[in-house]
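Trainee: Provide a 3D model corresponding to the input given below.
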Amino acid sequence: MTALQRPRIATNIADLPPSGIREFFDLVSELKDVISLGVGEPDFPTPWHVCDEVYDSLRRGRTQYTSNLGMIELRREISRVLAHLYGAEYSPDCQIIVTVGVSEGLDVALRAILNPGDEVIVPDPSFVAYGPAVKLAGGTCVSAPMREADAFKLRADVVRSLITPRTRALLIGFPNNPTGSVMTRDELAELAQLAEEFDLLVLSDEIYDRLTYEGAHTCFSTLPGMWDRTILLNGFSKSYAMTGWRIGYACAPKDVIAAMVAIHSYTMMSAPTPAQIAATEALRRGEPDVARMKAQYDQRRRVLVQGLRDIGLGCFEPLGAFYVFPNITGTGLDSKTFARRLVQEHGVAVVPGPAFGASGEGYVRATYATSMDNLKEALRRIDRFVSGL
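Mentor: Below you'll find the predicted structure:
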């Protein structure tokens, strides 16, 4: 048999780094008695009325494909809720597409707008999938550092310094994962002015919009002049405790949605029908569930932030999402060593900051999407670890 003369794996895939989160949790899976503050997943079950609606739909045989755009009932609910919450107007007929989570929405959106070599400016630190998604779509990711001194906000002057003739888009996600930072309407308006000045598109991942603890969330497309430039991404995983349902959506001008549908129809075809039914029910009757879970996250947030500060770890106060991003430089350890020793020696799993970008060095991410008992025990273990260094 003749040996292959060329590599069987595409270069851009062979060069793709593994997820810093999953790479670390391969280690965690080998250990016992670990309190995980690592995976950003609600510890609440999906509300029962949502599940009951799906059970009933299955009994009635609602298991067929839907429109490539998604069920019209769901698109109408998405349109209604965005208009009610933010005054963001999107037609359910041609300006909304239902996707397999925000991840697919991001992938399809980037492939719809990028030509090879186009640059996308991405905050650093930010969600681990942003950079790879840009690369897989043929683009070049340009990191825009965010600093604790600026409350981990994306400064317009930093973005301006990175814009080149190849810059096509700005990809943002606020409230931010991993820092929990939130940007005000005025601060986002400065980014909007750059988008208009340099003719940029903006992909705004607002998956944590409902988990904002102080002030109001700003939907980016409602800023002056931004409706026609924004691809709004959102979903149900975080606010509605529906991670495993894999259901999200994108809203954008008609021509952008048409391009996204063209890709989506050849890959996913349509999001799973039971998940779309669940999402429809969540939007129709899930507001009390969102309020209940948010209130508990807020209590946990306060306990974890104060607990870390009492231990002696500087901790920026997160105002959104369900993460803290404590500064561990005072321990003398780098982020990966801190995280590795903490889980191996004291059984608490956190994620090293550099998993989210180079600017994450000196920090670790911990989630408070776990029980209060777990948080208090984790703080006791972290205290023993830090005190013993």
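Trainee: any idea of the pLDDT on residue 23?
Mentor: We have a pLDDT of 67 for residue 23.
Trainee: What residues of stretch 338-355 count as buried?
Mentor: The neighbour-count check on stretch 338-355 (16 or more other C-beta atoms under 10 Å) flags 338-340, 342-343, 346-355 as buried. Where C-beta positions appear, they are placed from N, C-alpha and C, glycine not excepted.
Trainee: So what would you say the end-to-end distance of that stretch is?
Mentor: 13 Å (C-alpha to C-alpha, to the nearest Å).
Trainee: what's the spacing between it and its chain's center?
Mentor: Remark: stretch 338-355 is offset 21 Å from the chain centroid, using C-alpha atoms, centre = their mean, to the nearest Å.
Trainee: picking that back up, what two of the buried residues of stretch 338-355 are the furthest from one another?
Mentor: 347 and 354 (22.3 Å; C-beta to C-beta).
Trainee: Identify each buried residue in stretch 189-201, please.
Mentor: 189-195, 200-201.
Trainee: now do stretch 255-262
Mentor: Result for stretch 255-262 [16+ other C-beta under 10 Å]: buried residues 256-257, 259-261.
Trainee: Narrow those to those in helices?
Mentor: 256-257, 259-261 (DSSP state H).
Trainee: Now the two most distant members of those.
Mentor: 256 and 261 (9.7 Å).
Trainee: And the next helix or strand past the lowest-mean-pLDDT helix or strand in the chain?
Mentor: Across the helices and strands of the chain, mean confidence by mean pLDDT, DSSP states H and E is lowest for helix 20-28: a mean of 71. Where DSSP states H and E defines the elements, the next helix or strand beyond helix 20-28 is strand 35-36.
Trainee: Quickly run through the sheet partners of that next one, with directions.
Mentor: Sheet partners assigned to strand 35-36 using DSSP bridges are listed as strand 348-349 (parallel).
Trainee: Same question for the lengthiest helix in the chain: list its buried residues.
Mentor: As assigned by DSSP H, the longest helix anywhere in the chain is helix 287-311. Going by neighbour count (16+ other C-beta under 10 Å), the buried part of helix 287-311 is 289-290, 293-294, 296-297, 300-301, 304-305, 307-308, 311.
Trainee: Next, format those as a markdown table and append distance to residue 245.
Mentor: Formatted as a markdown table, the buried residues of helix 287-311 follow (distance: C-beta to C-beta, whole Å):
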| residue | distance to residue 245 |
| --- | --- |
| 289 | 14 |
| 290 | 15 |
| 293 | 16 |
| 294 | 19 |
| 296 | 21 |
| 297 | 19 |
| 300 | 23 |
| 301 | 25 |
| 304 | 27 |
| 305 | 30 |
| 307 | 32 |
| 308 | 32 |
| 311 | 36 |
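Trainee: which other helices and strands contact the longest helix of the chain?
Mentor: strand 323-324, helix 372-387 (3 or more C-beta pairs under 8 Å, 6 or more residues apart in numbering; DSSP states H and E).
Trainee: Quick one: list the elements packing against the last one.
Mentor: Helices and strands touching helix 372-387, by 3+ C-beta pairs under 8 Å, 6+ apart, are strand 35-36, helix 287-311, helix 335-346, strand 348-349.
Trainee: Understood, closing this out.
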